[in-house]
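1. kindly generate the corresponding structure for this input.
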Amino acid sequence: MNRIKIYIYTILTSAAFIYGSFLCTRHGEYLHDLSKGSLVLFYTGFTVIITGFIVINRLMKSTHQDSTFLQRITFSVCITLLIFMGTHLIALKPYTHGYHIFSTGNMAFYFGVYLVLFGVSFLHFLLKN
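-> Residues are numbered from 1 along each chain as shown. Below you'll find the model as predicted:
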């Protein structure tokens with residue numbers, strides 16, 4: 001694939017995962033208040049994540065013709081979980097300025113950022129080779 005196409009696919013797919021994960025995380029805040037549309041948030045986020053999962057599987061199939069179905073599913077699940085867990089940590093533990101930079105709350109935020117960046121980098125690596 002062309003380098004520009006790989007970057008575009010990486011950015012769009014990662015943005016879809018992050019947005020879907022963020023919607024699923026927000027569902028937990030509104031879980032008991034259905035007037036805020038908690039089920040709509042969850043189903044929309046879940047649909048975006050599943051669509052991104054399918055797109056990643058198809059993109060990996062086009063770039064790695066010799067990979068098996070099980071390998072593609074495993075890598076797709078790994079990327080999905082990394083980005084979902086990172087986004088969940090970022091959304092639940094926002095950076096707090098009042099604490100020391102290495103406090104427990106801030107470390108969870110930074111670990112979430114690390115997970116998202118690692119997931120996006122891993123996705124780009126798999127699409128590039």
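
2. residue 16 touches residue 53, doesn't it?
-> No. Using Cβ atoms under 8 Å, residue 16 is not in contact with residue 53; the gap is 9.7 Å. In this view, the C-beta of every residue, glycine as well, is placed from N, C-alpha and C.

3. where along this structure do the strands fall?
-> Along the chain, counting by DSSP state E, no stretch forms strands.

4. pick out the residue nearest the middle of it.
-> residue 83 (2.9 Å; Cα atoms, centre = their mean).

5. so who does that residue touch?
-> 14, 17-18, 21, 115-116, 119-120 (Cβ atoms under 8 Å, 6 or more residues apart in numbering).

6. looking at these, which has the smallest pLDDT value?
-> Note: of the contacts of residue 83, the lowest pLDDT belongs to residue 21, at 79.

7. so how far is residue 23 from residue 46?
-> Distance, residue 46 to residue 23, using Cβ to Cβ, to the nearest Å: 8 Å.

8. now swap in residue 76 and tell me
-> 19 Å.

9. just among the contacts of residue 83, which is most surrounded?
-> residue 17 (29 neighbours; other Cβ atoms under 10 Å).

10. surely that one meets residue 52?
-> Yes. Using Cβ under 8 Å, residue 17 is in contact with residue 52, at 4.9 Å.

11. overlap in contacts, the two.
-> In contact with both residue 17 and residue 52: residue 80, using Cβ under 8 Å, 6+ apart.

12. residues in contact with the closest residue to residue 113 other than its chain neighbours?
-> In space, and not counting its chain neighbours, residue 113 is closest to residue 90: 6.3 Å by Cβ to Cβ, 6 or more residues apart in numbering. Residue 90 makes contact with 109, 112-113, 116, according to Cβ under 8 Å, 6+ apart.
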